[in-house]
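Chemist: Following is a predicted model, sequence given first.
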Amino acid sequence: MPDDMRAPASELPITIEDVSVRSGGVTVLDGVSLVLAPGDPTVLIGPNGSGKTSLIRLAMGLIAPTTGRITWGGRAASEGRRRAIVFQHPVMLRRSVAGNIAFALRSGAAAAARDRAGRIAALLDLVGLAGLDARPARRLSGGERQRLALARALARDPEVLFLDEPTANLDPAATKAVEDIIAKIAAAGVKIVLATHDLGEARRLAGDVVFMVRGRIHERTPAKPFFAMPATPEAQAFLKGDLVI
Amino acid sequence: MQDGTQLGVSTLDLILGGDPALYGIIALSLIVSVSATLLASAVGLPLGAFLALVRFPGRAAIVVVLNAFMGLPPVVVGLAMYLLLSRSGPLGFLGALFTPQAMILAQAVLVMPIVAALTRQTVEDLWIEYRDELTAMRIGPAGRVATLLWDARFSLVTTLLAGFGRAAAEVGTVMIVGGNIDGFTRTMTTAIALETSKGDLPLAVGLGIVLIALIIAVNAAAAVARRLGELHAG
């Protein structure tokens, strides 16, 4: 069977073992160990600069560990065909809404050319952008851009979807629209790994929580006990709204 | 020497009179400049994008040379092309010296560094914005080049216009490799130079006006196309 006809190997679990990442003389991740397995959304929370984005980029394969080891589905190297990410400020390609999704479809594992129109329509419908397929993507509002970025990520048929502060700077209505889509994606079996410093969002979406401060993981626990009774003084202070630096 | 009024009347007569020789010169000038710009773009656009995206030893030196070559002296390029295309030169077997093809090739050599250098800068700036997104989508090097060139297309229109402007205004190179042969390789710029030296100012001024009008028209058309494209694609 040709390589491209084979189902891509599973990306999960993603196993991070004692990983440190240094960049420009600064340690952005410090001895991090974490397993991301199929299941409910994992939400990374912590103050700005705590390493949430770096951890997501590491797990996505966009940055390499300085020390330590990371594996995807037990493999040290992975093509990453079923990993996708939505950045805090997603770049809209200079083409239409449908053109952005078509681009992702062409780059991903899914959808032969003859299926593309149907896939594009289904994805636009899922993210509530049906009817906007011909609009230039750069003319969308902030919330619409995030939803298009979600559709574009889903076009890659991901097994795991990383979301880096996907609702930062959105108003409550746009935030709700994005969170509803994330919940639908999670319910469909896609592993969600989401970074946020919005505690409300974390409460609404998290199955389990990874709490980070200064590049280290301080707690990894199911969401309910974390919000009810955080174990570390830093997490207690963060949930109280105190400044954790 | 004619006074200003006489010169203006003679020039208008010439432009509006439908002189076939004049229109032949204008047509050849456009064909040579547009062809040279297209040829230079076929090489310069991917080369500039490649230099923007790929890091390799010696890249910085190539970028410096490319930037410097934006100011290549036309007569030097003309001389080099003459030596290449002359009967005893390495490309002499083509028999292209003193033909429009030689003029196109020579102008393309002049224009290519401009297209490549400006493309490199444009694509490099865009790559900063696109890097994470395209890397996350696992887009390979060829796909990155194609994507960035496409998404920078409206900015690159200005690059192509700069190249066309250089080609259209150029005289030294085409004079040397084209020979300024009446009815065969005479362009607007070489005709202006010749007619001025002969004292036939109405023709020289008329050609000058047409040349400037054409350059303005091409730039205006490109600006309209760019605006319409931006309206459509964002």
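Modeler: Yes, it's here.
Chemist: Before we move on, what's the pLDDT of A:Leu148?
Modeler: pLDDT recorded at A:Leu148 is 97.
Chemist: Not counting residues beside it along the chain, what's closest to residue 130?
Modeler: All of this refers to chain A. Among residues not flanking A:Ala130 along the chain, A:Leu124 sits closest, at 4.9 Å (C-beta to C-beta, 6 or more residues apart in numbering or on different chains). No exception for glycine: its C-beta is placed from N, CA and C like everyone else's.
Chemist: Sorry, I should have been clearer: chain B.
Modeler: Per C-beta to C-beta, 6+ apart, closest to B:Tyr130 is A:Val91, 5.7 Å.
Chemist: Just to be sure, that neighbour is in a helix?
Modeler: No. Under DSSP: H, G, I helix; E, B strand; the rest coil, A:Val91 sits outside any helix and is assigned coil.
Chemist: How far off centre is the strand or helix carrying the residue nearest to A:Ala130?
Modeler: Applying DSSP states H and E as the criterion places A:Leu124 in helix A:116-126. Its chain's C-alpha centre and that of helix A:116-126 lie 21 Å apart, by C-alpha atoms, centre = their mean, to the nearest Å.
Chemist: circling back to that earlier point, which residues touch the residue nearest to B:Tyr130?
Modeler: B:Glu129, B:Tyr130, B:Asp132, B:Glu133 (C-beta atoms under 8 Å, 6 or more residues apart in numbering or on different chains).
Chemist: Could you rerun that using 10 Å?
Modeler: Neighbour list for A:Val91: A:100, A:137-138, A:145, A:149, B:126, B:129-134, B:151 [criterion: C-beta atoms under 10 Å, 6 or more residues apart in numbering or on different chains].
Chemist: for A:Leu194, same thing?
Modeler: Here A:Leu194 is in contact with A:41-45, A:52, A:56, A:86, A:161-167, A:179, A:182, A:186, A:201-202, A:205-206 (C-beta under 10 Å, 6+ apart).
Chemist: got it, and B:Ala168?
Modeler: Shown in contact with B:Ala168 (C-beta under 10 Å, 6+ apart): B:29-30, B:32-34, B:36-37, B:107, B:187-189, B:211-212, B:214-215, B:218.
Chemist: all strands of chain A, in order?
Modeler: All strands of chain A, identified by DSSP state E, fall at A:14-23, A:26-36, A:42-45, A:67-72, A:83-86, A:160-164, A:191-196, A:208-213, A:216-222.
Chemist: do you know which of those strands lies nearest B:Gly24?
Modeler: When those are compared by C-beta to C-beta, strand A:83-86 sits nearest B:Gly24, at 59.1 Å.
Chemist: do you know how far the residue of chain B most remote from its centre is from B:Ser10?
Modeler: Computed with C-alpha atoms, centre = their mean, the residue of chain B farthest from its C-alpha average is B:Ala136, at 37.2 Å. According to C-beta to C-beta, to the nearest Å, B:Ala136 stands 66 Å off from B:Ser10.
Chemist: Wait, a helix at B:Asn180?
Modeler: No. Counting by three-state DSSP, B:Asn180 is not part of a helix but coil.
Chemist: any idea which helix or strand carries the spatially closest residue to it that is not a sequence neighbour?
Modeler: Using C-beta to C-beta, 6+ apart and skipping residues adjacent in sequence, the residue nearest B:Asn180 is B:Thr190, 4.3 Å away. Following DSSP H and E, the helix or strand that holds B:Thr190 is helix B:188-198.
Chemist: next one: B:Ala225
Modeler: helix B:201-233.
Chemist: So, low pLDDT: which residues of chain A?
Modeler: By pLDDT under 70, the low-scoring segments of chain A are A:1-8, A:108-114.
Chemist: For chain B, what's its nearest residue on it.
Modeler: With C-beta to the nearest C-beta, the shortest gap between chain A and chain B falls at A:Pro136, namely 2.6 Å.
Chemist: The least confident helix or strand in chain B by mean pLDDT packs against which elements?
Modeler: Ranked by mean pLDDT, DSSP states H and E, the weakest helix or strand in chain B is helix B:4-16, scoring a mean of 76. Helices and strands touching helix B:4-16, by 3 or more C-beta pairs under 10 Å, 6 or more residues apart in numbering or on different chains; DSSP states H and E, are helix B:20-53, helix B:201-233.
Chemist: Show me what the helix or strand just after the longest one is packed against.
Modeler: Beyond helix B:20-53 on the C-terminal side, the first helix or strand identified by DSSP H and E is helix B:59-69. Applying 3+ C-beta pairs under 10 Å, 6+ apart, we find helix B:59-69 packed against helix B:20-53, helix B:100-136.
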